[in-house]
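> Prediction below, plus the sequence it came from.
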Amino acid sequence: MKTDYDELSEQGRAQATALGEHLAASGQCFDVIYTGPARRHHDTAALAAEAVRATGLSWPDAQELPELDEHDAFGLFRAAAGLEDEPELAAGLQALSRTRTHAERSRAFQIVFEQLMTRWLSGQLEPEGVETWPRFRERVLSALRHMVERAAGSPGTRVLAFSSVGPLAVLLQQALHTDDAASFRTAWRLRNASINTFVFDGKGRFTLDGFNALPHLPTSQAWTFR
């Protein structure tokens, strides 16, 4: 089992390479590429770029956009230690501690994580040193404004960004006008290295055009979460 969450597993590296190969084979070119600050963001972008450039196609260097970083999920889990008097959460934490396989741990983790996220989104859980949901959302929206405003002067500009589930939840909310909880419930269905497409312009249009696509991973055995 992978012990460093920010390090791509071998399967994750294969998914990133497959993504780059697909983009090259389908002739998809991008004018600007951004990556969040996490190592897994940079490594995914680098492996995709390597696969594209291996075909002889040009590929812009990725620019780091810190605002595309994930929220502090581990900070929320640390805060859970102070909530063990809540029966439902305590039961979830106990079930998580008893897991033996990766599949069991993944399911138990998600149950506890959703309980913590519900509290975080509603403002009931705001641990010291952990970014609040309103601040996180505004941070990601500032990244969106940066990307859109930079592209607005050149119609047809294609932008590619490598990020995580949390920022994607904010973008989905912006495009679909869903409430906080529904936005994350949708985003939690995102698979690793999936392609999510938005159409935008400089006049406020921001529309979801494709969700959770995996044309580069044609068999379900290659699909993963987290």
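Great, that's in hand. Numbers count the residues shown, from 1 in each chain.

> So for the helix or strand bottoming out on mean pLDDT in the chain, what gets flagged as buried?
One helix or strand of the chain scores below all others by mean pLDDT, DSSP states H and E: helix 87-97, with a mean of 85. Buried residues in helix 87-97, counted by 16 or more other CB atoms under 10 Å: 89, 92-93, 95-96. No exception for glycine: its C-beta is placed from N, CA and C like everyone else's.

> Next, the buried residues of the next helix or strand after that helix.
Later in the chain than helix 87-97, the nearest helix or strand by DSSP states H and E is helix 102-122. Residues 105, 108-110, 112-113, 115-117, 119-121 are the ones in helix 102-122 that count as buried (16+ other CB under 10 Å).

> Show me what stretch 219-226 is in contact with.
Under the contact criterion CB atoms under 8 Å, 6 or more residues apart in numbering, stretch 219-226 has outside partners 5, 11-12, 14-15, 18, 106, 190-192, 214, 217.

> how about the helices in the chain?
In the chain, the helices defined using DSSP state H lie at 10-25, 39-53, 73-79, 87-97, 102-122, 133-152, 165-176, 180-187.

> any chance of those helices in a markdown table, with distance to F200 too?
Formatted as a markdown table, the helices of the chain follow (distance: least, CB to CB, whole Å):
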| stretch | distance to F200 |
| --- | --- |
| helix 10-25 | 20 |
| helix 39-53 | 20 |
| helix 73-79 | 28 |
| helix 87-97 | 38 |
| helix 102-122 | 25 |
| helix 133-152 | 5 |
| helix 165-176 | 9 |
| helix 180-187 | 18 |
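
> any idea which of those scores lowest on pLDDT?
If these are sorted by mean pLDDT, helix 87-97 sits at the bottom with a mean of 85.

> Determine the longest strand present in the protein.
Under DSSP state E, the strand in the chain containing the largest number of residues is strand 206-213.

> for stretch 214-226, what is the average pLDDT?
91.

> for stretch 55-65, same thing?
Stretch 55-65 carries an average pLDDT of 96.

> Now do the end-to-end distance for it.
27 Å (CA to CA, to the nearest Å).

> contacting residues around it?
Contacts for stretch 55-65 (CB under 8 Å, 6+ apart): 21, 24-25, 29-37, 42, 45-46, 49, 52-53, 143, 146-147, 161-162.

> what comes up buried for it?
59, 62, 65.

> Stretch 33-42 too?
Buried residues in stretch 33-42 (16+ other CB under 10 Å): 33-36, 38, 40-42.

> any idea how far E50 is from the spatially most central residue of the chain?
The residue lying closest to the centre of the chain (CA atoms, centre = their mean) is S164, at 1.7 Å. S164 sits at a distance of 21 Å from E50 (criterion: CB to CB, to the nearest Å).

> Mind pulling up the pLDDT for the most far-flung residue of the chain relative to its centre?
The C-alpha centroid of the chain is most remote from D85, which lies 31.3 Å away (CA atoms, centre = their mean). D85 is assigned 79 on the pLDDT scale.

> ok, now which ones touch T186?
Contacts of T186 by CB under 8 Å, 6+ apart are 169, 172, 176, 178.

> out of the residues you listed, who has the most neighbours?
Greatest neighbour count in the contacts of T186, by other CB atoms under 10 Å, goes to A169: 26 neighbours.

> what sits against that one?
Taking CB under 8 Å, 6+ apart as the criterion, A169 is in contact with 183-184, 186-187.

> With R13 instead?
Here R13 is in contact with 43, 47 (CB under 8 Å, 6+ apart).

> again, only using 10 Å
If you count contacts by CB atoms under 10 Å, 6 or more residues apart in numbering, R13 has them with 7, 43-44, 47.
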